[in-house]
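In: heads up, no residue letters with this:
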């Protein structure tokens, strides 16, 4: 599903070949550095410190796979601004992705009386 | 008439001059030194001191005026004109006048607190004219009754102007009253003259419905009652009455007060029957009609009528939240604007922005825009936007072509529309409509389930506290009370509208209208004042940046014993601006780590509990652990139930 999302996004933007080639060479990510970047760059301002989302930006968990994640970051849909390689290197994107992947999912709402 | 003594100084004007300048000893002594022993005024060079009444008299060679008429020199002879002004205000059944005290309004101020015994209207002290106006704005939306915002001329109205614009955009009938001195020969020199103006209304005329500067008591009576009636004729809007200082302060013979003109509550304009019938046909024939409401409901009756219409059509309702239009737990309530994309007929009720409702506009380096609706979608507009509009300020938004445009008040038109819809529905259409309703109910149930899943997202136990957790804990604390939210919930991602149960008109106050920051806290205090009379629990979710525009509103709440539960959404930033800065940097491929400069409210962090305490409001917090929220709110509820305001400072996620 995430692959198809990527293809759909790529179809819209017309950059499928370039982005796929870039994504295949994606470096491994460092979640700790990604956490620092997530806060330093200000991702949390729209997506929340835990990637929970809100009125200003969608939730990030469960995380997209790297390709659609990176594509959204480089050539975003809707209101999110584009983060070019000058703004965030490929390695930094990978680090942020690793952090987002490490975020815990929702608590079991069955155990939360306020959400019954 | 005895010859005036050169040294004699009119006591009232002397005091006024001293009070304004604040340098009593210097000005008085200097002025006396300019009087020659023979009683003549010595020619003096222009003073380097700030002007006062005394200095100006000396500079201009003007003697102090003779004693007032009658035997009691210096006293007002007869009844002051401001007593009549108060009589007129009383005839309009106005409960409160909110003011930041102003010398240009001193006549009326005195009449309110002495002649009127400070009862109906009662004077409410605000710490800024902008706050006073926002309080009147919030008060109207919670009570349905206008409040007077009494401001100083010129500088006071300049302070109030932004809040007047908010009220204008939000269709709130704030009654603005200011003082001004028309007669240059009678006004006090110095600051009082600096604060006088030929045409005070020009400052806010682009965003008020009507203004006047009466020159006689009879003129005042007519204009005040006219202004009140105009303000309360939908579309509700602010009005301005300028009170001449002399007219306030001059004495009149006991029988000289004019008759107070009669006020009759105006009715709203309903739509043309032909247009409404055509709209009904279009809606009934639609496969997927969607109703969008912004400031459609003006009362509980408006809510009930909208529910009736939606259920007749089984049409989804998008409530844009300008007012409480539609119950958020109704199966036809849309969580978000998504249904627009699949609609074949859109009925817009008092929309501020029909264009933005049916079009996309992406804020990017290369702007993209286009329709959100599918081709062929029919659009129907019912609202007063085309009936009453001004040219300068752009709150009327982009022009949106529609298929049927009904220039009328939505709430007044709904009864007719409901009847025409009933008449148009055949048995065959009934079956289609019922099927549509079943689908809508299923979609609503799914969205409610998604809401709970989203709320339980990874931040449920996080610090800073998630806005979902904040809203859930607050709901748990208040849901068994007779509550009313006197704030907008956008900053907390609309969680209250996703979680809570809004079913009554008074339970939601809408938003500022003009998005002028500094509205939230004073409007909440005004709303809470309105709810106090009904014993309702007023709840304010307060953004931190907005709070710091007008923190003095907390003092007003404490001073007047206005019970208000304020829960700070303390995200330590002007959040929206952080996003704009990020956008600029990324578009320009510049450093993306500089967005905090000029946009955050940290280092040092604000302690809103201490801020509240400093103004006599019970302060709790800062609360950073989500598990501390419930006990904090429990304690806060005890305070507010005792009749006092309370503030809980919650350090929370950005949105």
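Out: The structure has been received and is ready for your questions. Because the structure is a prediction, the values reported are computed rather than measured.

In: now the residue positioned nearest the centre of chain A, what's its secondary structure?
Out: Nearest to the centroid of the C-alpha atoms of chain A, with distances taken as C-alpha atoms, centre = their mean, sits residue A:69, at 4.4 Å. Assigned with DSSP: H, G, I helix; E, B strand; the rest coil, residue A:69 falls in the helix class.

In: so who does the residue nearest to it when sequence neighbours are not counted touch?
Out: Excluding the flanking residues, the one nearest residue A:69 by C-beta to C-beta, 6 or more residues apart in numbering or on different chains is residue A:97, at 5.1 Å. Quick note: C-beta positions are derived from backbone N, CA and C, even for glycine. Contact analysis of residue A:97 by C-beta atoms under 8 Å, 6 or more residues apart in numbering or on different chains lists A:29, A:34, A:63, A:66, A:69, A:70.

In: Show me which residues of chain A sit near chain B.
Out: Those residues of chain A that sit near chain B, judged by C-beta under 8 Å from any C-beta of the partner chain, are A:40-42, A:44-46, A:48-57, A:59, A:61, A:78-79, A:81-84, A:86-88, A:103-109, A:112, A:114-115.

In: coming back round to it: now the helix or strand hosting the residue nearest to residue A:69: buried residues?
Out: Following DSSP states H and E, one finds residue A:97 within helix A:90-102. Under the neighbour-count criterion of 16 or more other C-beta atoms under 10 Å in any protein chain shown, helix A:90-102 has A:92, A:93, A:94, A:95, A:96, A:97, A:98, A:99, A:100, A:101 buried.

In: same check, this time on stretch B:514-527
Out: Within stretch B:514-527, the residues that count as buried by 16+ other C-beta under 10 Å are B:514, B:516-527.

In: That stretch: end-to-end distance?
Out: Counting by C-alpha to C-alpha, to the nearest Å, you get 18 Å between the two ends of stretch B:514-527.

In: what do you get for stretch B:640-652?
Out: 22 Å.

In: same question, stretch B:548-557
Out: Stretch B:548-557 stretches 15 Å from its first residue to its last (C-alpha to C-alpha).

In: what sits up against that stretch?
Out: With contacts defined as C-beta under 8 Å, 6+ apart, stretch B:548-557 is touched by B:124-128, B:130-131, B:134-135, B:517-518, B:521-522, B:524-525, B:528, B:562, B:564, B:566, B:601, B:606, B:611-612, B:615-617, B:645, B:647.

In: roughly how far is it from the heart of the chain?
Out: 15 Å (C-alpha atoms, centre = their mean, to the nearest Å).

In: In it, which of the residues would be classed as buried?
Out: Under 16+ other C-beta under 10 Å, the buried positions of stretch B:548-557 are B:548, B:549, B:550, B:551, B:552, B:553, B:554, B:555, B:556, B:557.

In: and which of those residues is nearest to chain A?
Out: residue B:548 (19.1 Å; C-beta to the nearest C-beta).

In: how about the strands of the stretch 301-450 of chain B, start to end?
Out: B:316-319, B:345-349, B:359-362, B:368-371, B:378-383, B:404-407 (DSSP state E, counting those that start in this stretch).

In: still on that earlier bit, need the buried residues of helix A:90-102 in TSV (columns: pLDDT).
Out: Formatted as TSV, the buried residues of helix A:90-102 follow (pLDDT from 0 to 100):
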residue	pLDDT
A:92	96
A:93	96
A:94	97
A:95	97
A:96	97
A:97	97
A:98	97
A:99	97
A:100	96
A:101	95
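
In: mind putting those in TSV, distance to residue B:339 included?
Out: Output for these, formatted as TSV (distance: C-beta to C-beta, whole Å):
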residue	distance to residue B:339
A:92	39
A:93	35
A:94	38
A:95	39
A:96	34
A:97	33
A:98	38
A:99	35
A:100	30
A:101	34
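
In: Max pairwise distance over the residues you listed: which two?
Out: A:92 and A:101 (14.9 Å; C-beta to C-beta).

In: got any ranges where the chain has weak pLDDT?
Out: You didn't pick a chain, so chain A it is. Residue ranges of chain A with pLDDT under 70: A:1-26.

In: that answer is for a different chain, and I need it for chain B
Out: B:1-72.

In: okay, now the domains of chain B?
Out: With automatic domain parsing as the criterion, the domains of chain B are listed as B:1-75, B:82-183+B:193-252, B:273-443, B:456-651.

In: As JSON lines, these with distance to residue B:261 would be great.
Out: Output for those, formatted as JSON lines (distance: least, C-beta to C-beta, whole Å):
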{"stretch": "domain B:1-75", "distance to residue B:261": "29"}
{"stretch": "domain B:82-183+B:193-252", "distance to residue B:261": "4"}
{"stretch": "domain B:273-443", "distance to residue B:261": "23"}
{"stretch": "domain B:456-651", "distance to residue B:261": "27"}
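
In: Quick one: closest of those to residue B:265.
Out: domain B:82-183+B:193-252 (6.6 Å).

In: got a list of what the residue of the stretch 151-300 of chain B at minimum distance from chain A touches?
Out: Residue nearest to chain A within the stretch 151-300 of chain B: residue B:294 (17.6 Å; C-beta to the nearest C-beta). The contact partners of residue B:294, by C-beta under 8 Å, 6+ apart, come to B:320, B:321, B:322, B:323, B:325, B:348, B:349, B:350, B:351, B:352, B:353.

In: for residue B:575, same thing?
Out: Here residue B:575 is in contact with A:45, A:56, B:491, B:543, B:545, B:654, B:655 (C-beta under 8 Å, 6+ apart).

In: Show only the entries of the residues you listed found in strands.
Out: residue B:543 (DSSP state E).

In: any chance of the contacts of residue B:575 in CSV, with distance to residue B:335 and neighbour count too?
Out: Below are the contacts of residue B:575 laid out as CSV (distance: C-beta to C-beta, whole Å; neighbours: other C-beta atoms under 10 Å in any protein chain shown):
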residue, distance to residue B:335, neighbour count
A:45, 23, 27
A:56, 17, 20
B:491, 18, 25
B:543, 22, 24
B:545, 27, 24
B:654, 21, 26
B:655, 16, 27
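
In: Could I get the contacts of residue B:575 in JSON lines, plus columns for distance to residue B:451?
Out: Formatted as JSON lines, these follow (distance: C-beta to C-beta, whole Å):
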{"residue": "A:45", "distance to residue B:451": "22"}
{"residue": "A:56", "distance to residue B:451": "17"}
{"residue": "B:491", "distance to residue B:451": "18"}
{"residue": "B:543", "distance to residue B:451": "22"}
{"residue": "B:545", "distance to residue B:451": "27"}
{"residue": "B:654", "distance to residue B:451": "20"}
{"residue": "B:655", "distance to residue B:451": "16"}
